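K.L.:
could you look at this predicted model? Sequence included:
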Amino acid sequence: MTLAAQIVKRPMRYIWIALSILFQATASVCGKKAGLTTSNSDILAIVINPWYIAELSALFLQACSWVMALRCFPLSFAYPFMSLVFGLNLLSAWLLFGESLRLNHILGMLIIIAGVLEISRSAAKVTKGQRK
Amino acid sequence: MTNIGLHEIAMALAIMITAFSQLLLKSGASGQKTWLASFLNWKTMTGYVMFGMVTVLNVFAMQKIQLKIMTAWIALTYILVVVLSRYILKEHLCQTQIIGCLLIGIGILVFSL
C-alpha cells in the first residue's frame, strides 16, 4: 500500500507526525523571533523573552506529539518525516524573515535532507535487526 | 571569509552540546531496569539540562545568524552523533550512515557556497 493510501485509510495516526513537524518548525521560528527581539548576551533577557517561552512551549508540545507518533509507528518509519523540518525552516526563513533564497540554498538543503533520510535508513535496518 | 564572532561560536557550541546530549540521553536510557529509572538518572538529567542550554545558545546565535544558515549548520549534529556513537558508545558504523554523513557534509558545503 502506498503512503498516500495509508494516510487516507488511517489519517489520525499521521496527525501526530504532522504535529511533531509543525511544532518543531514553530520552535525554530519562535527561536529566531526571540533572537531578533533580544539584542545582547544577557541570558536573563533571553529566558524571559515571550518568544523564547513560546519556543520552549512548542518544543514541549513537539515532544508530546512525538511520543504519540512513536506509539503509532516504529522510529525508523517516523523519523525520516522529521527531515521535512529542514525544508519548512528554509521556507519560513524566506517567507517570515525575508531571508534571501538562492538555488544553492535549495539544492544544499535537498542534499542535507537526502543525507538525513539515508541515515534514517540505517536506523530502519537496526530496528528490523532488533525485531528479529 | 566570514568573521567568526561570539554568535558563530555559540552556534558551534550548540551543535556540539546537542550531539553530546544525545549520547548522554542514549547512555542514560540504556540498561535501566524501569521506565522511571531511564529518566531519573544523572546522564538523562544532564542531557536535558544540556538541551535547555542549547535553546538559549540558539537564540543568542540567531540574534545575528540567519535562520536558514542555522538550519543548515544544525544538520552537522547528525554527523557528530554518528561519529561520537562510533568512538564513545562503540556502536557499529554502517555504509548507509557514512553515505548519509557525506551527503549532509556536501549539502552544507553547497548551501554555504
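P.N.:
It's in.
K.L.:
contacts and neighbour counts: CA atoms only from here.
P.N.:
Fine.
K.L.:
where does residue 38 land on pLDDT?
P.N.:
Reading this off chain A. Note for residue A:38: predicted pLDDT of 88.
K.L.:
wait, I meant chain B there
P.N.:
pLDDT, read off for residue B:38, is 73.
K.L.:
how much space separates it from residue A:50?
P.N.:
According to CA to CA, to the nearest Å, residue B:38 and residue A:50 sit 32 Å apart.
K.L.:
again, but for residue A:77
P.N.:
35 Å.
K.L.:
let me see the ranges of the helices in chain B.
P.N.:
Taking DSSP state H as the criterion, chain B contains helices spanning B:6-29, B:42-61, B:67-74, B:76-87, B:95-112.
K.L.:
and the shortest one, what other elements does it pack with?
P.N.:
When you say that, I think you mean helix B:67-74. In terms of contacts (3 or more CA pairs under 8 Å, 6 or more residues apart in numbering or on different chains; DSSP states H and E), helix B:67-74 is packed against helix A:11-37, helix A:84-95, helix B:95-112.
K.L.:
show me what counts as buried in the second one.
P.N.:
Residues of helix A:84-95 classed as buried by neighbour count (16 or more other CA atoms under 10 Å in any protein chain shown): A:84, A:85, A:86, A:87, A:88, A:89, A:90, A:91, A:92, A:93.
K.L.:
next one: residue B:5 from residue A:93, what distance?
P.N.:
Relative to residue A:93, residue B:5 is positioned 22 Å away (CA to CA).
K.L.:
and what of residue B:110?
P.N.:
Residue B:110 sits 18 Å away from residue A:93, going by CA to CA.
K.L.:
returning to that earlier point: out of the helices and strands packed on helix B:67-74, which gets nearest to residue B:9?
P.N.:
When the helices and strands packed on helix B:67-74 are compared by CA to CA, helix A:11-37 sits nearest residue B:9, at 15.2 Å.
K.L.:
which residues does the next helix-or-strand element following that closest one contact?
P.N.:
For helix A:11-37, the following helix or strand on the C-terminal side (DSSP states H and E) is helix A:43-47. For helix A:43-47, the external contacting residues (CA atoms under 8 Å, 6 or more residues apart in numbering or on different chains) are A:34, A:35, A:38, A:52, A:53, B:56, B:59, B:60.
K.L.:
now do the contacts for the residue lying closest to the second one once chain neighbours are set aside.
P.N.:
To tie it back to what came earlier, the one meant is residue A:35. Leaving aside its chain neighbours, residue A:35 sits nearest to residue B:63 (4.1 Å; criterion: CA to CA, 6 or more residues apart in numbering or on different chains). Neighbouring residues of residue B:63 by CA under 8 Å, 6+ apart: A:32, A:34, A:35, A:36, A:37, A:38, A:39, B:7.
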